[in-house]
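Participant: okay, structure incoming, though there's no sequence with it:
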């Protein structure tokens, strides 16, 4: 038993020692290969039309921090116009059971807006509760989120996503 254990220990030490003795030429070759893989991946991502940074059709910078006021004032036509612009991704509606629906047609979006307006309490602030900014692969993302309890005392969330200055997603969660 001692011989088997000693043999296994010796082979383990030899194999680990062998792994650590990579020549500089092999290290350079591995680094060159890794850099090529990364460069190829970046090239592939940038060639994909959906993943490339894009020019926005409209700058909605003047809507930052004001979307809750627009909803509270029942200015549905402004929101409907935003949802019809190129590069608008849709309205995400997350239900309390964890299911997510994506709405894109005018009647569906109008229904979600009405539902949101009925859920929002009068005391909700115009200022978002949370603001998140990020920059990734040439696109800037700005998300404003409001948290509130609806009339049934359920926690709700409403968020507006700006990509490169344009509103691209509304999210409503019950």
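Facilitator: Done, it's in. Fair warning: this is a prediction, and the values are worked out from it, not measured in the lab. Numbers count the residues shown, from 1 in each chain.
Participant: which SSE is residue 141 in?
Facilitator: strand 139-149 (DSSP states H and E).
Participant: give me the contacts around that strand.
Facilitator: For strand 139-149, contacts defined as Cβ atoms under 8 Å, 6 or more residues apart in numbering pick out 53-54, 64-65, 67-68, 119-121, 124-125, 128-135, 155-165. Heads up, the C-betas are built off the backbone N, CA and C, glycines and all.
Participant: make a PyMOL selection of the buried ones in those.
Facilitator: Here is the PyMOL command that selects the buried residues among the contacts of strand 139-149 (16 or more other Cβ atoms under 10 Å):
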select buried, resi 67+68+119+120+124+128+156+158+159+160+161+162+163+164+165
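Participant: in strands only, show me the contacts of strand 139-149.
Facilitator: Judged by DSSP state E, strands contain the following of the contacts of strand 139-149: 130-135, 155-163.
Participant: and which of these is nearest residue 59?
Facilitator: The shortest approach to residue 59 among the ones in strands among the contacts of strand 139-149 belongs to residue 162, at 9.4 Å (Cβ to Cβ).
Participant: how far out from the middle of the chain is the longest helix belonging to the chain?
Facilitator: Ordering each helix of the chain by length in residues (DSSP state H) puts helix 24-47 first. Its chain's average C-alpha position is 27 Å from that of helix 24-47, according to Cα atoms, centre = their mean, to the nearest Å.
Participant: and the spatially most central residue of the chain, bridged to which residues?
Facilitator: A centroid search over the chain (Cα atoms, centre = their mean) returns residue 141, at 8.4 Å, as the residue closest to the centre. Following DSSP bridges, residue 141 is listed with bridge partners residue 134, residue 163.
Participant: contacting residues for the closest residue to residue 76 other than its chain neighbours?
Facilitator: Leaving aside its chain neighbours, residue 76 sits nearest to residue 113 (5.4 Å; criterion: Cβ to Cβ, 6 or more residues apart in numbering). Neighbour list for residue 113: 71, 76, 79-80 [criterion: Cβ under 8 Å, 6+ apart].
Participant: so how far is residue 115 from residue 170?
Facilitator: 12 Å (Cβ to Cβ, to the nearest Å).
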